[in-house]
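> Model the structure of this input:
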Amino acid sequence: MQRSLLSFALLLLAAYPLRTKGQWTFLDLPVESQAASVAQHIGTSVFNVTYSRPSVKGRVIWGEVVPYDQLWRAGANENTVLTATSDFTLEGQRVPAGTYGLHMIPSKNDWTIILSSDHQAWGSYYYKQDNDVARVKVKSRPGPMTENLTYEFNEVTADGVTLNLRWAELQVPVRIGVDVHAVVLARMDDQLRGLSSYNWEPWYEAARYCHDEKIGGDQAMKYVDRSIRLQPNFENQSLKADMLKAAGRSEEAAALKRTMIDGATNAQLNTYAYTLLNAGQKEEAIRMFELNAKRHPKDPNVHDSLGEGYMMTGNNAAAIKAFKKSLSMNPPENVKANSVRCLKKLGVDTSGYETAWK
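Modelled structure (predicted):
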């Protein structure tokens with residue numbers, strides 16, 4: 001019995017030799033090439049690279065430690081792995097969402113970057129070209145000295161990012177692209193199937209995004225209509241009016257805006273005026289500020305906002321008058337502070353107000 005157990009143990013050691021300073025062990029022990037990961041969001045998509053980080057340790061890396069024109073694991077130990085939560089492009093080549101083994105073939109100039117559907121192997125020893133999902137060419141370039149192999153995401157834009165490998169005095173950039181709008185639209189309906197779909201806000205947010213980004217067409221109008229059916233309010237009706245106008249349905253848009261403005265609260269009309277102002281619709285913004293002041297003549301905040309509207313459109317005399325009116329109404333501290341600050345910018349002596357304030 002003891003001889004059988006000894007034979008079995010020797011068989012295990014022969015099949016799985018333990019390495020005291022190697023890159024793996026049966027136990028959870030430190031390894032020379034430390035594990036690492038790096039992630040980046042592009043829109044709602046997430047990209048993650050997990051890898052192990054070998055060191056230079058005074059060696060010649062390119063052409064010696066990592067031979068040219070041979071398949072390389074792009075790291076150490078297990079597969080270097082790239083995970084993407086949505087479809088993307090790798091140097092313009094389309095790749096489905098998924099998890100991939102990342103391999104490279106270095107050369108003195110052009111590098112071959114490979115994504116393999118097999119991402120669970122050890123290094124590149126079990127690589128099969130039949131499992132390739134993408135294979136692209138990129139150019140390496142000189143980089144700052146980097147002791148430990150490093151992956152990083154650089155040159156982040158709204159619809160793309162560069163995945164950059166750095167090691168020794170070389171870097172290898174690979175461009176990743178995402179059709180952000182397509183990804184968002186594809187997931188939109190799924191997001192609107194949960195418990196939140198019984199509230200008006202998610203439908204409004206979906207319509208708002210589509211309108212702002214000029215995508216979605218008829219589907220975007222369905223979103224805003226659903227929001228209004230759940231709870232008609234100033235926000236979703238205002239959005240629909242803007243969408244109708246953008247679609248060339250000006251009469252419907254004007255009629256809806258009249259209804260919306262007629263039922264607006266003090267705060268809603270004030271917010272709407274600022275929204276118009278920020279959008280560059282100055283005349284309409286002033287009209288809304290003035291309408292709110294007419295409806296709520298005893299509210300100091302309304303006159304303070306009206307003053308800001310006048311000031312931002314260059315009507316300084318009217319602005320000064322509005323700010324002074326606000327200050328004459330014993331406004332809350334925050335409103336008073338804003339009116340005084342704005343009057344100072346307009347060159348008005350505010351010492352009387354500040355003395356009374358103190």
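
> Count the residues that sit near residue 131.
Burial of residue 131 is recorded as 16 neighbouring residues (other C-beta atoms under 10 Å). All C-beta atoms are positioned from the backbone trio N, CA, C, and that covers glycine.

> Please apply the same query to the one 5 residues further on.
Residues lying near residue 136 (other C-beta under 10 Å) number 17.

> what residue lies at the spatial centre of the protein?
Closest to where the C-alpha atoms of the chain average out (C-alpha atoms, centre = their mean) is residue 43, at 4.3 Å.

> For that one, grab phi and psi.
When quoted as degrees, to the nearest 10, the phi and psi of residue 43 stand at phi 60, psi -120.

> Go ahead and confirm it touches residue 182.
No - the criterion here is C-beta atoms under 8 Å, and residue 43 misses it with residue 182 at 9.7 Å.

> Which residue ranges of the stretch 1-150 of the chain form helices?
2-15 (DSSP state H, counting those that start in this stretch).

> Show me where it has its strands.
Along the stretch 1-150 of the chain, counting by DSSP state E, counting those that start in this stretch, strands occupy 34-42, 45-53, 80-84, 88-90, 93-95, 98-105, 110-116, 132-139, 141-157.

> could you give the mean pLDDT of the second one?
What it means is strand 45-53. Averaging pLDDT along strand 45-53 gives 96.

> Give me the buried stretch members for that strand, please.
45, 47, 49-53 (16 or more other C-beta atoms under 10 Å).

> Output it as CSV, nothing but the C-alphas.
What follows is strand 45-53, C-alpha atoms only, in CSV (Å, rounded to 0.1, in the frame of the first residue of the first chain):
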residue,chain,number,x,y,z
SER,A,45,-18.8,49.2,-23.3
VAL,A,46,-16.1,47.9,-21.0
PHE,A,47,-12.7,46.6,-22.2
ASN,A,48,-10.4,44.7,-19.8
VAL,A,49,-7.0,43.2,-20.2
THR,A,50,-5.6,40.7,-17.7
TYR,A,51,-2.0,39.7,-18.0
SER,A,52,1.2,38.9,-16.1
ARG,A,53,4.2,41.4,-16.0
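
> picking that back up, switch the strands of the stretch 1-150 of the chain over to TSV; also include distance to residue 293.
Below are the strands of the stretch 1-150 of the chain laid out as TSV (distance: least, C-beta to C-beta, whole Å):
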stretch	distance to residue 293
strand 34-42	44
strand 45-53	47
strand 80-84	53
strand 88-90	52
strand 93-95	56
strand 98-105	58
strand 110-116	62
strand 132-139	61
strand 141-157	44
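
> How about the residue nearest to the centre of the chain, nearest residue that isn't a chain neighbour?
Nearest non-adjacent residue to residue 43, counting by C-beta to C-beta, 6 or more residues apart in numbering: residue 180, 3.5 Å away.

> Show me which residues of stretch 85-104 are buried.
So stretch 85-104, judged by 16+ other C-beta under 10 Å, has buried residues 85-90, 95, 98-104.

> distance between stretch 249-269 and the chain's centre?
How far stretch 249-269 lies from its chain's middle: 33 Å, per C-alpha atoms, centre = their mean, to the nearest Å.

> which residues are in contact with it?
234-235, 237-238, 240-242, 244-245, 272, 288, 291-292, 295-296, 299, 302 (C-beta atoms under 8 Å, 6 or more residues apart in numbering).

> ok, how many other residues are close to residue 288?
If you count neighbours by other C-beta under 10 Å, residue 288 ends up with 24.
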